[in-house]
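A.B. asks: Following is a predicted model, sequence given first.
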Amino acid sequence: MLQRLGPFMRRPAGQLAPVVRGLSSGSVSIKVPLNFWAGKRRASHEKCIKENVYEPATGKILCHLEPCDAVDVDQAVKAAKLAFGHWSKMSGMERARIMIKAAHIIESRREEIAQMEVIDNGKSITEARLDVDSARLCIEYYAGLANTLAGNSMVFKPSPLTPVTAVMLAEIYAEAGAPESLFSVVQGGQETGSLLCHHPDVAKVSFTGSVPTGRKIMEMASKGVKPVTLELGGKSPLLIFQDSDLENAVRGALMANFLSQGQVCSNGTRVFVHENILPQFLEEVVKRTQRIEIGDPLLDNTRMGALVSQPHLDKVLSFVDQAKKEGATVLCGGEPFVPTDPKLRGGYYMTPCVLGECKDEMTCVREEIFGPVMSVLSFETEEEVLQRANDTTMGLAAGVFTRDVKRAHRVVENLKAGSCFINNYNITPVEVPFGGFKMSGIGRENGQVTIEYYSQLKTVFVEMGDVDSLF
Ligand SMILES: NC(=O)c1ccc[n+]([C@@H]2O[C@H](COP(=O)([O-])OP(=O)(O)OC[C@H]3O[C@@H](n4cnc5c(N)ncnc54)[C@H](O)[C@@H]3O)[C@@H](O)[C@H]2O)c1
């Protein structure tokens with residue numbers, strides 16, 4: 001494992017904490033380039049201004065980002081175009097074999113990839129392991145479909161806040177035998193992103209991010225009449241009826257709000273609870289939220305790590321302040337959190353927050369916070385709660401807890417959201433399409449239907465007889 005971690009240079013050896021499974025927070029400093037095309041890691045061609053990238057758990061500099069400029073993007077896209085030529089000439093079986101091999105490599109390096117994801121992103125190792133598993137399952141699933149289909153090449157630009165693990169994936173595909181540049185990585189922020197959108201050889205743009213950026217992406221893609229897949233933000237409702245199994249409803253509300261420090265697009269952050277069960281629900285949800293173990297995300301017992309950056313943490317905390325000003329009650333959390341471990345003191349932690357006495361018009365109920373903040377609202381009738389749940393410009397996900405099967409189906413039928421959960425929340429198996437209604441996006445990821453969003457239909461007529469001419 002240490003050999004594989006070769007490119008990631010550790011801090012001076014003496015500073016290494018006892019290593020249980022390899023890495024410890026604050027121990028990694030990455031010196032190697034983070035772009036990848038034509039078979040290897042590459043620095044940007046110009047000596048550009050390097051940007052610091054920080055490890056969320058510690059606030060220490062993790063690496064430097066060299067944004068790709070027009071020349072780099074052009075090289076990466078041209079290389080991807082070449083790769084597409086090779087890939088599309090291979091048989092479906094050959095492509096599937098390479099994908100399965102990539103899945104095996106991911107499986108064999110699960111722990112190492114998960115640890116690097118934690119260091120890059122700040123989420124808990126428990127969640128990161130599951131993320132690595134879902135990446136593997138996704139590749140296995142599409143390998144199953146690849147036998148009969150044409151393939152694409154992809155140039156991927158990660159978020160400038162989390163640039164590290166995408167390059168590992170590029171290396172894994174290369175190791176698995178994919179044609180050079182089939183999956184390339186260019187680093188950067190909005191400029192690099194817009195260069196990709198405008199590049200004439202990019203045939204399709206798939207974007208995951210916020211609604212305002214998604215709108216810009218669509219505008220840019222429209223200049224080249226390129227199709228887009230947009231996976232954007234949400235402000236999803238979770239409806240908890242009086243006849244719910246309260247224990248499961250509480251668990252569901254926690255899963256709907258606090259995974260990845262609340263930085264999950266599909267989170268059910270507007271929790272509507274029937275007024276008759278509101279006191280019991282709040283008591284239980286607050287008790288369990290207060291028990292969430294916050295701290296070093298590389299430790300097995302940690303359930304909440306660090307938010308992705310200091311500016312983002314500040315933004316989330318300011319949403320909590322705004323909620324207080326607008327009349328919501330902070331029932332727990334919503335404060336910066338400083339772990340006792342000295343190496344984590346500069347990390348971006350906060351205590352998970354439950355807001356009570358929320359009203360529909362409050363900012364915390366209307367806007368996506370993308371942090372560990374649950375807004376609880378009370379309701380009286382099904383008709384009323386449906387109208388309020390749908391009163392949003394977004395429609396990524398929605399959930400309902402009830403023991404009444406008829407009610408569950410009736411409610412889900414009327415919820416305007418791409419993914420609906422009955423008596424659970426945030427379940428996203430790869431076989432099932434995922435994507436949003438309204439401003440939450442266009443297109444779907446996962447499941448067979450996604451193939452359609454990444455394929456062109458070509459109709460070919462072959463005449464075996466004579467042309468029946470009118471002239
Ligand atoms: N629907 C989904 O599947 C899904 C999944 C995860 C996150 N999200 C959403 O993503 C958002 C959080 O992510 P974020 O903060 O990285 O979003 P963001 O919109 O700030 O940035 C996303 C990406 O867009 C790039 N970008 C920014 N401005 C650009 C521009 N003008 N041109 C080209 N590229 C540009 C950024 O560099 C980054 O890589 C939330 O709204 C969340 O709900 C959606």
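C.D. replies: On my side now, so go ahead. What you see is a predicted model; the values in this text were computed from it and never measured.
A.B. asks: which parts of the stretch 201-350 of the chain sit against the ligand?
C.D. replies: Thr208, Gly209, Ser210, Thr213, Lys216, Ile217, Glu231, Leu232, Gly233, Gly234, Cys265 (C-beta under 6 Å from any ligand atom). Any C-beta I mention is one placed from the backbone N, CA and C, and that applies to glycine too.
A.B. asks: By neighbours, which of these wins?
C.D. replies: Gly234 (31 neighbours; other C-beta atoms under 10 Å).
A.B. asks: Based on its surroundings, how many neighbours for Arg95?
C.D. replies: The burial count for Arg95: 22, using other C-beta under 10 Å.
A.B. asks: What are the buried residues along the helix or strand containing it?
C.D. replies: Taking DSSP states H and E as the definition, one finds Arg95 inside helix 92-108. Buried residues in helix 92-108, counted by 16 or more other C-beta atoms under 10 Å: Arg95, Ala96, Arg97, Ile98, Met99, Ile100, Lys101, Ala102, Ala103, Ile105, Ile106.
A.B. asks: And the contacts of it?
C.D. replies: 87, 113, 132, 135-137, 139-140, 142-144, 146-149, 151, 172-173, 175-178 (C-beta atoms under 8 Å, 6 or more residues apart in numbering).
A.B. asks: Can I get the next helix or strand after that helix in CSV, CA atoms only?
C.D. replies: Toward the C-terminus, helix 92-108 is succeeded by helix 110-121 as the next helix or strand (DSSP H and E). This file holds the C-alpha atoms of helix 110-121, laid out as CSV (Å, rounded to 0.1, in the frame of the first residue of the first chain):
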residue,chain,number,x,y,z
ARG,A,110,-10.4,0.3,-1.5
GLU,A,111,-8.9,1.5,1.8
GLU,A,112,-6.2,3.6,0.2
ILE,A,113,-8.6,5.4,-2.1
ALA,A,114,-11.1,5.9,0.7
GLN,A,115,-8.4,7.4,2.9
MET,A,116,-7.3,9.8,0.2
GLU,A,117,-10.9,10.8,-0.4
VAL,A,118,-11.2,11.6,3.3
ILE,A,119,-8.1,13.7,3.2
ASP,A,120,-9.3,15.5,0.0
ASN,A,121,-12.9,16.0,1.1
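A.B. asks: coming back round to it: among the buried residues of helix 92-108, pick out the one closest to the ligand, please.
C.D. replies: Taking C-beta to the nearest ligand atom as the measure, the ligand lies nearest Ile106 of the buried residues of helix 92-108, at 20.1 Å.
A.B. asks: Which residue does the stretch 251-400 of the chain have closest to the ligand?
C.D. replies: Cys265 (3.2 Å).
A.B. asks: rewinding a little: so which of the residues of the stretch 201-350 of the chain next to the ligand are in helices?
C.D. replies: Mapping those onto helices (DSSP state H) picks out Thr213, Lys216, Ile217.
A.B. asks: Which members of the contacts of helix 92-108 are classed as buried?
C.D. replies: The neighbour count (16+ other C-beta under 10 Å) marks 87, 113, 132, 135-137, 139-140, 142-143, 146, 151, 172-173, 176, 178 as buried among the contacts of helix 92-108.
A.B. asks: Closest one to the ligand out of the residues you listed, please.
C.D. replies: Taking those together and measuring to the ligand by C-beta to the nearest ligand atom, the closest member is Ala135, at 14.1 Å.
A.B. asks: Contacts (any at all) between the ligand and the host helix or strand of Tyr141?
C.D. replies: Using DSSP H and E, Tyr141 maps to helix 125-146. No: shown here: helix 125-146 not in contact with the ligand (C-beta under 6 Å from any ligand atom), separated by at least 12.0 Å.
A.B. asks: Restrict that helix to CA atoms and write it as PDB.
C.D. replies: The C-alpha atoms that make up helix 125-146 are tabulated as PDB, following Å, rounded to 0.1, in the frame of the first residue of the first chain:
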ATOM      1  CA  ILE A 125     -13.800   7.200   6.500                       C
ATOM      2  CA  THR A 126     -17.000   5.100   7.000                       C
ATOM      3  CA  GLU A 127     -18.800   7.100   4.300                       C
ATOM      4  CA  ALA A 128     -15.800   7.200   2.000                       C
ATOM      5  CA  ARG A 129     -15.500   3.400   2.000                       C
ATOM      6  CA  LEU A 130     -19.100   3.200   0.900                       C
ATOM      7  CA  ASP A 131     -18.400   5.800  -1.800                       C
ATOM      8  CA  VAL A 132     -15.500   3.800  -3.200                       C
ATOM      9  CA  ASP A 133     -17.800   0.700  -3.200                       C
ATOM     10  CA  SER A 134     -20.500   2.600  -5.100                       C
ATOM     11  CA  ALA A 135     -17.900   3.800  -7.600                       C
ATOM     12  CA  ARG A 136     -16.800   0.200  -8.200                       C
ATOM     13  CA  LEU A 137     -20.400  -1.000  -8.400                       C
ATOM     14  CA  CYS A 138     -21.200   1.700 -10.900                       C
ATOM     15  CA  ILE A 139     -18.300   0.600 -13.200                       C
ATOM     16  CA  GLU A 140     -19.400  -3.000 -12.800                       C
ATOM     17  CA  TYR A 141     -23.000  -2.200 -13.700                       C
ATOM     18  CA  TYR A 142     -22.000  -0.300 -16.900                       C
ATOM     19  CA  ALA A 143     -19.500  -2.900 -17.800                       C
ATOM     20  CA  GLY A 144     -22.500  -5.200 -18.000                       C
ATOM     21  CA  LEU A 145     -24.200  -2.900 -20.400                       C
ATOM     22  CA  ALA A 146     -21.000  -2.100 -22.400                       C
END
